[in-house]
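Undergrad: Fold the following and give me the result.
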Amino acid sequence: MAALTPSLPAAAGRALPARSHRWAGLYRGGAIAAVMIVALLLGEIAVYAAWSRPDTALEHLLLFQRDGLVGLLTLDLLGMLAYVLFIPTFLALYVALHRLAEATMLLATALFFVGITVFFATNTALPVLTLGARYGSATTEAERTAILGASEAMFALFNETAFLVSYVMVSAAWALAGGVMLRSRRFGRAAGIAGILAGSTGIVAVVLEHLSDALVPVAIPVYFAALVLLIGWLSLVGHRLWRLGTGAVEARLYG
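TA: Residues are numbered from 1 along each chain as shown. Model prediction:
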């Protein structure tokens, strides 16, 4: 009986690669998506540096008339694409981490998907593109006034309510996943700390922005810091997911 005892961990160790192999495609897909998200986030930084976002609904409509692509970029087109690519990445994270803290990863995944659903359901980019075209072709002042009123209502909904809710939810999901990573030898403490900082900094930025108009200048660099931390976290996550997907992570690092 004593001779059988050492063989149990060994058998369990041999079973782990088979479980990982089943999700190898998802891990690789999540890793590739993470790299693409990093590229999109770097693109967002370039967009913010090249074009200032209009302050009013009228300025948005006029911008869309002049250049629809620039208008979409200033309304977070690259961010929308990044959220889509985040889906395989976060699913891969759930599969890789849920055995360590299933309830936490389930909550993080739920927050992420609810957050991006709210974001896409209320994002104003594509509707304003249509309204911009209608505003340019309007022939009466009454038509232009109605279109402008509709644009202002959409911006108020997204900027004051939906963005706050969606960004906080998604940031909380990143922070929770980072917390679980602290316990995972697959991802390591660096990835865990980066995830926690990226998520918590994003939440702090939203709170500062909506707490007082006087704090908006403070919130802007905090948003930028959250973006940089997110890029760092995704770089680490992409590397680790790729190693999981190609079998480079040994069975002894399971969990």
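Undergrad: what helix or strand does Arg28 sit in?
TA: helix 24-50 (DSSP states H and E).
Undergrad: packing partners for that helix?
TA: helix 77-97, helix 216-245 (3 or more Cβ pairs under 8 Å, 6 or more residues apart in numbering; DSSP states H and E). All C-beta atoms are positioned from the backbone trio N, CA, C, and that covers glycine.
Undergrad: any chance of these in a markdown table, plus distance to Ala175 and mean neighbour count?
TA: Shown next, in a markdown table, are these (distance: least, Cβ to Cβ, whole Å; neighbours: other Cβ atoms under 10 Å):
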| stretch | distance to Ala175 | mean neighbour count |
| --- | --- | --- |
| helix 77-97 | 13 | 21 |
| helix 216-245 | 10 | 19 |
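Undergrad: low-confidence ranges in the stretch 151-255 of the chain?
TA: By pLDDT under 70, the weakly predicted segments of the stretch 151-255 of the chain are 157-161, 248-255.
Undergrad: for the residue nearest the centre of the chain, what are its contacts?
TA: Nearest to the mean C-alpha position of the chain, by Cα atoms, centre = their mean, lies Tyr83 at 5.1 Å. By Cβ atoms under 8 Å, 6 or more residues apart in numbering, the residues touching Tyr83 are 116, 119-120, 170.
Undergrad: again, 7 Å this time
TA: The contact partners of Tyr83, by Cβ atoms under 7 Å, 6 or more residues apart in numbering, come to 116, 119.
Undergrad: Tell me the spacing between it and Ala24.
TA: 25 Å (Cβ to Cβ, to the nearest Å).
Undergrad: Next: Leu164.
TA: Leu164 sits 38 Å away from Ala24, taking Cβ to Cβ as the criterion.
Undergrad: Mind putting the helices and strands packed on helix 24-50 into CSV with distance to Ala103?
TA: Below are these laid out as CSV (distance: least, Cβ to Cβ, whole Å):
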stretch, distance to Ala103
helix 77-97, 12
helix 216-245, 21
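Undergrad: For Ala150, which of those helices is the nearest?
TA: With Cβ to Cβ, the closest approach to Ala150 among the helices and strands packed on helix 24-50 belongs to helix 77-97: 20.5 Å.
Undergrad: what angle do the helix holding Arg28 and helix 216-245 make?
TA: Counting by axes from the mean of the first three to the mean of the last three Cα atoms, to 10 degrees, helix 24-50 points 150 degrees away from the direction of helix 216-245.
Undergrad: immediately after helix 24-50, which helix or strand?
TA: Proceeding N to C from helix 24-50, the next assigned helix or strand is helix 57-66, under DSSP H and E.
Undergrad: Now the very next helix or strand once past that next one: average pLDDT?
TA: Sequence order places helix 68-74 as the next helix or strand after helix 57-66, per DSSP H and E. Averaging pLDDT along helix 68-74 yields 83.
Undergrad: Give me the contacts around helix 68-74.
TA: Residues contacting helix 68-74 (Cβ under 7 Å, 6+ apart): 47, 51, 53-54, 60, 63-64, 125, 129, 132.
Undergrad: Which PyMOL command selects the buried ones in those residues?
TA: Typed into PyMOL, the line below selects the buried ones among these, using 16 or more other Cβ atoms under 10 Å:
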select buried, resi 47+54+60+63+64+125+129+132
